[in-house]
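Asks: Take this sequence and fold it.
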Amino acid sequence: MTFDKRRSMLLVLSSDNKLEMFKVNSDKPEAILKKLVKQEKKMALKRSHAEKEDAKDSDCDEPLKKTVDKAKLAQRVEDGDYDLALHFARKLTVPLVETAGNSKAKSFSMIHSKSENKMYVLVAFHSNTAFEYKIDLVQSKEEGIDASTIAKVRTSFGQMTSHRMPIRGVALSANDSIFATNSFDSVKVWSVDLFMYSQKNSLQLQCKQSIDEPSILSMAILPGNKYIVLGTKEGQLLLYELNSNSIV
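Replies: Numbering: from 1, shown residues only. So this is what the prediction gives:
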């Protein structure tokens, strides 16, 4: 799971190889109020129906009331007294097609891009392969579009043979020059030849370092590419220094 701050979008990887995208309204109380009013009107209409059935007055022509106290609801929004799910709206479900056979996606990381209409995502699979996907956000808004065509494989990294066991996670640096992968056996740090990628659209990867830590569940490469924060299954945070190749 990751958050795209520029687009205010939350991305979640599901167990069936689908990337779920949710629009997050964290700083728009008017949007929350609009959803809350709509929700309360539905509830008021249901109550009116129930009251009419209880009265068993079939000759009553009085219209059903579905009015709500908007000022009261606005105060609830200001006080934070509402379901937090109202902050989220499902925008898109993208199947990750053209993957490594029947292998399941284990983790993903967004690749930094200036494009507003396209999103690039690096996905690691259980088979120790990785794919870069290009997601067309403009195409996703078209009516009748096949969702399986929205995410297309841009680059395949092949099999990452330095790991002896399935890859569990991947973390990309801020400048895309290195990334790290963690497995049940260790953590590997890879360098990316950005010059070859920009000139020939061909990625050349090289395993630069190996960290003998088998219990890592999550990772983050800090800005500057000097340190990696590692989260263990025991609930600890480890700070790994790349220059000294050691935990500090």
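Asks: pLDDT weak spots in the chain?
Replies: 49-67, 97-102, 128, 141-149, 154-161, 194-204 (pLDDT under 70).
Asks: Show me where it has its helices.
Replies: In the chain, the helices defined using DSSP state H lie at 29-55, 70-79, 194-200.
Asks: what's across from the closest residue in space to Phe88 that isn't next to it in sequence in the sheet?
Replies: Leaving out its chain neighbours, the residue that sits closest to Phe88 by Cβ to Cβ, 6 or more residues apart in numbering is Phe22, at 4.6 Å. Where you see a C-beta, it was placed from the backbone N, CA and C, and this is true even at glycine. Legend: beta-bridge partners of Phe22 under DSSP bridges are Leu10, Arg90.
Asks: right, and Phe22 touches Ala85 too?
Replies: No - using Cβ atoms under 8 Å as the test, Phe22 is too far from Ala85 to be in contact (10.0 Å).
Asks: Next, count neighbours for the residue nearest to Phe88.
Replies: 16 (other Cβ atoms under 10 Å).
Asks: same deal with Glu20?
Replies: Residues near Glu20, counting by other Cβ under 10 Å: 15.
Asks: which ones are touching it?
Replies: Leu11, Val12, Leu13, Ser14, Arg90, Leu92, Thr93 (Cβ atoms under 8 Å, 6 or more residues apart in numbering).
Asks: Please repeat the previous calculation with a cut-off of 10 Å.
Replies: Each residue near Glu20 by Cβ atoms under 10 Å, 6 or more residues apart in numbering is listed here: Met1, Leu10, Leu11, Val12, Leu13, Ser14, Arg90, Lys91, Leu92, Thr93, Val94.
Asks: For it, which non-adjacent residue is spatially closest?
Replies: The nearest residue in space to Glu20 (Cβ to Cβ, 6+ apart) is Val12, at 4.5 Å.
Asks: quick one: the one you found from Lys188, how far?
Replies: 25 Å (Cβ to Cβ, to the nearest Å).
Asks: Between those two, which has more neighbouring residues?
Replies: Per other Cβ under 10 Å, whichever of Val12 and Lys188 has more neighbours is Lys188, with 19 against 13.
Asks: My read is that the more buried one contacts His163, right?
Replies: Yes - contact criterion Cβ atoms under 10 Å: Lys188 and His163 qualify, at 6.4 Å.
Asks: hey, what's in contact with both of the two?
Replies: Common neighbours of Lys188 and His163 (Cβ under 10 Å, 6+ apart) are Thr181, Asn182, Cys207, Ser210.
Asks: Make JSON lines from the residues you listed and add distance to Leu33 and neighbour count to it.
Replies: Shown next, in JSON lines, are these (distance: Cβ to Cβ, whole Å; neighbours: other Cβ atoms under 10 Å):
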{"residue": "Thr181", "distance to Leu33": "44", "neighbour count": "25"}
{"residue": "Asn182", "distance to Leu33": "43", "neighbour count": "28"}
{"residue": "Cys207", "distance to Leu33": "52", "neighbour count": "14"}
{"residue": "Ser210", "distance to Leu33": "53", "neighbour count": "14"}
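Asks: hmm, which two among those are most spread apart?
Replies: Longest distance between any two of those is 13.1 Å, between Asn182 and Cys207; criterion Cβ to Cβ.
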